[in-house]
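Participant: sharing a model that was predicted from the sequence below.
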Amino acid sequence: LSLKSASSKKSEILVTYVNFPEEAKLAFEYAVSIWEHNIESVVPIMIQANWGQLEGGILAHSGPASFHKNFEAALVEDVYYPIALAEKLMGKSFNGDKEADITISVDKSWPWYLKTDGNTPVSQYDFVTTILHEIGHGLGISGFLEGDNGIGKYSNANNNPSAYDYYLYNSSEQRITDASIFECPSTQLHDQLTSNDLDFYCSHDVKCSKSEIYAPKTWMNGVSIYHLKSAAGS
């Protein structure tokens with residue numbers, strides 16, 4: 001923390017709050033500040049944060065407000081980039097200056113621990129940790145792969161992966177979204193999605209450290225693929 005690089009922001013994240021209590025805003029801003037010191041972009045990242053009630057018994061959910069492909073600075077053709085990443089690559093805003101790049105919704109009914117000291121009681125959920133997680137999904141840990149009755153496919157009509165999807169590899173160093181290897185849709189792609197044997201690569205030939213992907217034998221919507229394995233392997 002005493003290093004200059006540790007105390008200077010590398011990006012700016014601006015949040016529009018909808019129905020948020022003040023204490024929750026403070027915890028949210030604390031999570032934002034952690035991301036601001038760890039990711040770089042010359043374009044401000046806009047978040048819309050909603051405080052309300054969610055269905056399905058979930059704590060929160062989030063995602064990019066939009067995806068874009070084949071823009072001038074795109075690194076790979078026919079790959080969808082989340083708006084915040086597309087703007088970083090282009091060095092300019094794609095949407096309006098006040099339009100959200102990321103949307104996050106939080107269920108207010110859970111027993112949230114809203115302090116920022118990390119001393120969360122076992123009877124509560126740590127708000128800062130949850131928001132760190134959800135911002136990660138909005139920045140790009142998200143995509144279009146899904147398992148449907150034994151068939152692996154994309155959830156978009158163009159049959160194209162997200163930037164995150166594109167860098168998923170199996171232990172044989174095969175890119176699972178390479179249609180010349182694993183046709184989409186297909187049972188073979190579903191086998192990969194449920195193989196419990198996937199990693200995230202930082203480039204075409206470099207595996208990121210601690211990048212084992214959560215790919216359980218049974219496909220779980222909203223959970224499989226778009227999370228890392230825990231230290232315990234689950």
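Facilitator: Yep, it's here. Numbering: from 1, shown residues only.
Participant: going by C-alpha atoms from here, please, whenever you check contacts or count neighbours.
Facilitator: OK.
Participant: once you drop chain neighbours, what's closest to the residue nearest to the spatial centre of the chain?
Facilitator: The centroid of the chain falls nearest to residue 137 when counting by C-alpha atoms, centre = their mean (1.9 Å). Nearest residue to residue 137, sequence neighbours excluded (C-alpha to C-alpha, 6 or more residues apart in numbering): residue 63, at 5.5 Å.
Participant: how about that neighbour, phi and psi?
Facilitator: Main-chain dihedrals, residue 63, degrees, to the nearest 10: phi 180, psi 170.
Participant: and if you look at the one 5 residues further on?
Facilitator: Its backbone dihedrals place residue 68 at phi -140, psi 150, with angles given as degrees, to the nearest 10.
Participant: can you show me the strands along the protein?
Facilitator: Counting by DSSP state E, the chain has these strands, from start to end: 13-18, 45-52, 60-64, 67-68, 81-82, 102-107, 112-113, 125-126, 145-148, 151-154, 168-170, 198-201, 207-213.
Participant: what is the orientation angle of the helix ranked longest in the chain with strand 13-18?
Facilitator: Determined from DSSP state H, the single longest helix within the chain is helix 22-36. Between helix 22-36 and strand 13-18, the angle comes out at 160 degrees (axes from the mean of the first three to the mean of the last three C-alpha atoms, to 10 degrees).
Participant: for helix 22-36, buried residues please.
Facilitator: Neighbour counts over helix 22-36 (16 or more other C-alpha atoms under 10 Å) mark 24-25, 27-33, 35-36 as buried.
Participant: which of those sits closest to residue 12?
Facilitator: Ranked by distance to residue 12 (C-alpha to C-alpha), the buried residues of helix 22-36 are led by residue 36 at 6.0 Å.
Participant: if I pick that closest one, what's in contact with it?
Facilitator: Residues near residue 36 by C-alpha atoms under 8 Å, 6 or more residues apart in numbering: 9-13.
Participant: ok, residues contacting stretch 157-167?
Facilitator: Outside stretch 157-167, the residues touching it (C-alpha under 8 Å, 6+ apart) are 78-82, 140-145, 153-154, 175-177, 184, 200-204.
Participant: send the alpha carbons of that stretch over as CSV?
Facilitator: Extracted in CSV, the C-alpha atoms of stretch 157-167 (Å, rounded to 0.1, in the frame of the first residue of the first chain):
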residue,chain,number,x,y,z
ALA,A,157,-28.7,-16.0,-32.9
ASN,A,158,-25.3,-15.4,-34.6
ASN,A,159,-23.7,-18.4,-32.9
ASN,A,160,-20.7,-16.3,-31.7
PRO,A,161,-18.8,-16.5,-28.4
SER,A,162,-18.0,-13.7,-26.0
ALA,A,163,-14.4,-12.6,-25.4
TYR,A,164,-14.5,-14.7,-22.2
ASP,A,165,-16.0,-17.7,-24.0
TYR,A,166,-13.3,-17.4,-26.6
TYR,A,167,-10.4,-18.0,-24.1
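Participant: so what's the residue nearest to residue 137 up against?
Facilitator: Listed by C-alpha under 8 Å, 6+ apart, the contact set of residue 63 reads 102-104, 134-135, 137-140, 142.
Participant: compile the buried residues of helix 22-36 into TSV and extend it with columns for distance to residue 69.
Facilitator: Output for those, formatted as TSV (distance: C-alpha to C-alpha, whole Å):
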residue	distance to residue 69
24	35
25	33
27	34
28	30
29	30
30	32
31	29
32	27
33	29
35	25
36	25
